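Q: Return a 3D structure for these sequence lines:
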Amino acid sequence: MGIRYGVVIRNLTIGIVLLFGMGMAYALLGSEMQLTNNTTGDIFPTFNSDASKIAWGGPSNGIWTMDFDGTNKFQLTSGSSTWPTGTGVDTSPDYRHDDLKIAFSSRNPTGSGSEIFTINADGMGIQQITFRATVPVASSPSYNQDGTKLVHSRGVGAGGDIWVMDAANGANPAQLTTLGANFQPDYNPAGTKITFWSDRAGGSVPSHIFIMNDDGTGQTQLTTTGSPILGNIAPVFSADGTQILFTCFPNLCLMDADGSNLMQITSDSNAREITGALALDGSTITFSRDQISPQQDSEIWTAVIQATPTGGVAVGGELIPLDSTMVLVAGTHSVAAWMIPVIVSAIGIGIVIARKF
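A: Take a look at the predicted model:
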């Protein structure tokens, strides 16, 4: 492809740029399927090892499982069964790699803290492995490769940090981070790397995705751009460890584990995708989505990532080649919707709306 000219509208300024037909950081979702439909909200879905099952935090404040297609829903816990003294909220499940156990966090009945529990995948053998006397808030557990360790976050606000402990009983806790607030860690499949989000970078984006070795060394920032509202949160490794899926509020994004090849994979202006997970095939995802208008609580969905061919952009479910005359609205939510007709009228050409990192 030869050099093409385009007009980029960014931060309400207009400039002429050259388009060389390079691949754009966009992707589409296909084969979307809504799996739950509850009034209480469904969040934090995760696959088991072969993606035949999905666990999530769902109705009755409990941990649930279901088949990949949404059938055979089974309740493992409820907020009242986890806490004999009252009703808590169970969430953030993670399968052990043999699929026989699930770790999860549960907010206690007073709402002032949370603890980490494990349970057999059949709903038996629930066990509390952190205790509020020594850990005010413990959440977001993730198993390492052999199931002997759980990485997790402890603390709230500016006091949040990433810790690791024995999965069997919570023994031998070790703190891995000290800078800034750090939350929602996830082991890679080999158990050698941990991804998490942190606010330590400062600036207009409140949080970024980081990666480190399993002993806490080599802490490296992976993202540099993001929404000024929530930034980038909730990172999870792909099943082969080569990619990281995360919430780039209010959407989902995907990048290589070294931070390269960043793609935004959702773009529904009337929905927010909160958390997700990648299946073994590297293209199937499960995620929670809430609708803005009319308001609908989060539900669990699955979809397939469809890569955009080099030299194209994904717009409203359609692939548009870069050799078309176009206007790119670049930057996440950098132009208010009501401004678009005004700007288009001023420059007098057609428009294609897209997002670019």
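Q: Please parse this protein into its domains.
A: Domain assignment of the chain by automatic domain parsing yields the ranges 4-23+323-347, 27-307.
Q: can you list these in TSV and add mean pLDDT?
A: Below are those laid out as TSV (pLDDT from 0 to 100):
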stretch	mean pLDDT
domain 4-23+323-347	32
domain 27-307	91
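Q: of all those, which gets the most neighbours per residue?
A: Mean neighbour count (mean count of other Cβ atoms under 10 Å) peaks for domain 27-307 among the domains of the chain, with a mean of 19. Every residue, glycine included, has its C-beta placed from N, CA and C.
Q: Work out the gap between that domain and the centre of the chain.
A: Offset of domain 27-307 from its chain centre (Cα atoms, centre = their mean, to the nearest Å): 7 Å.
Q: For N72, see how far away the closest residue to G70 other than its chain neighbours is.
A: Using Cβ to Cβ, 6 or more residues apart in numbering and skipping the chain neighbours, the partner closest in space to G70 is L35 (3.5 Å). In this view, L35 and N72 are 11 Å apart by Cβ to Cβ, to the nearest Å.
Q: what ranges do the helices span in the chain?
A: For the chain, the helices defined by DSSP state H cover 79-82, 339-347.
Q: Go ahead and name everything in contact with the top strand by length along the chain.
A: Identified as the longest strand of the chain according to DSSP state E is strand 296-307. Strand 296-307 is contacted from outside by 27-43, 45, 54, 56, 58, 68, 70, 254, 265, 274, 283-290, using Cβ atoms under 8 Å, 6 or more residues apart in numbering.
Q: Kindly report the same for stretch 66-73.
A: With Cβ under 8 Å, 6+ apart, stretch 66-73 has contacts from 33-36, 51-54, 56, 64-65, 74, 300, 302.
Q: show me the contacts for S92.
A: Contacts for S92 (Cβ under 8 Å, 6+ apart) come out as 44, 57, 104-105, 139-141.
Q: Relative to W197, which of these is nearest.
A: S140 (10.2 Å; Cβ to Cβ).
Q: In contact with the closest one: list those residues for me.
A: Counting by Cβ under 8 Å, 6+ apart, S140 touches 92, 105, 152-153, 183-185.
Q: between these, which is closest to F196?
A: Ranked by distance to F196 (Cβ to Cβ), the contacts of S140 are led by P185 at 4.2 Å.
Q: From T302, how far out is that closest one?
A: Shown here: P185 relative to T302, a distance of 24 Å by Cβ to Cβ.
Q: Repeat that for D90.
A: For D90, the distance to T302 (Cβ to Cβ) stands at 22 Å.
Q: and if you look at G202?
A: G202 is 36 Å from T302, by Cβ to Cβ.
Q: what's the span of stretch 204-212, first residue to last?
A: Length of stretch 204-212, first residue to last, Cα to Cα, to the nearest Å: 23 Å.
Q: Now tell me what touches that stretch from outside.
A: With Cβ under 8 Å, 6+ apart, stretch 204-212 has contacts from 176-177, 182, 193-199, 201, 218-233, 235, 244, 246, 255, 257, 259.
Q: so who does A174 touch?
A: A174 neighbours (Cβ under 8 Å, 6+ apart): 163-165, 216.
Q: with those in mind, which one is nearest to Q128?
A: Nearest to Q128 among the contacts of A174, with distances taken as Cβ to Cβ, is M165, at 12.8 Å.
Q: nearest residue to that closest one other than its sequence neighbours?
A: P173 (4.4 Å).
Q: so the one you found touches V164, yeah?
A: Yes: with contact defined as Cβ atoms under 8 Å, P173 reaches V164; the gap is 7.3 Å.
Q: mind checking the end-to-end distance for stretch 88-103?
A: Start-to-end span of stretch 88-103 (Cα to Cα) is 16 Å.
Q: I misspoke; the intended subject was stretch 137-156.
A: 7 Å.
Q: cool, stretch 117-126 as well?
A: Per Cα to Cα, the first residue of stretch 117-126 is 7 Å away from its last.
Q: Name the residues linked to the closest residue to V164 other than its chain neighbours by a beta bridge.
A: Excluding the flanking residues, the one nearest V164 by Cβ to Cβ, 6+ apart is V151, at 4.8 Å. Beta-bridge pairing of V151 under DSSP bridges involves S142, V164.
Q: Return the residues in contact with V151.
A: For V151, the contact set (Cβ under 8 Å, 6+ apart) comprises 141-142, 144, 162-164, 176, 185-187, 194, 214.
Q: quick one: strands adjacent to the longest strand of the chain?
A: Taking DSSP bridges as the criterion, strand 296-307 forms sheet pairs with strand 27-34 (antiparallel), strand 284-291 (antiparallel).
Q: Out of those, which is closest to I116?
A: Taking Cβ to Cβ, strand 284-291 is the member of the strands paired with strand 296-307 nearest to I116, at 20.5 Å.
Q: contact partners of the closest one?
A: 29, 35, 41-47, 51, 54, 56, 245, 252, 265-266, 268, 270-279, 296-305.
Q: farthest-separated two in the contacts of A174?
A: Greatest spacing in the contacts of A174, by Cβ to Cβ: M165 and G216 (13.4 Å).
Q: who touches the residue nearest to L230 when sequence neighbours are not counted in this structure?
A: Sequence neighbours aside, F249 is the residue nearest to L230 in space, at 3.8 Å (criterion: Cβ to Cβ, 6+ apart). Neighbouring residues of F249 by Cβ under 8 Å, 6+ apart: 226-227, 229-233, 272.
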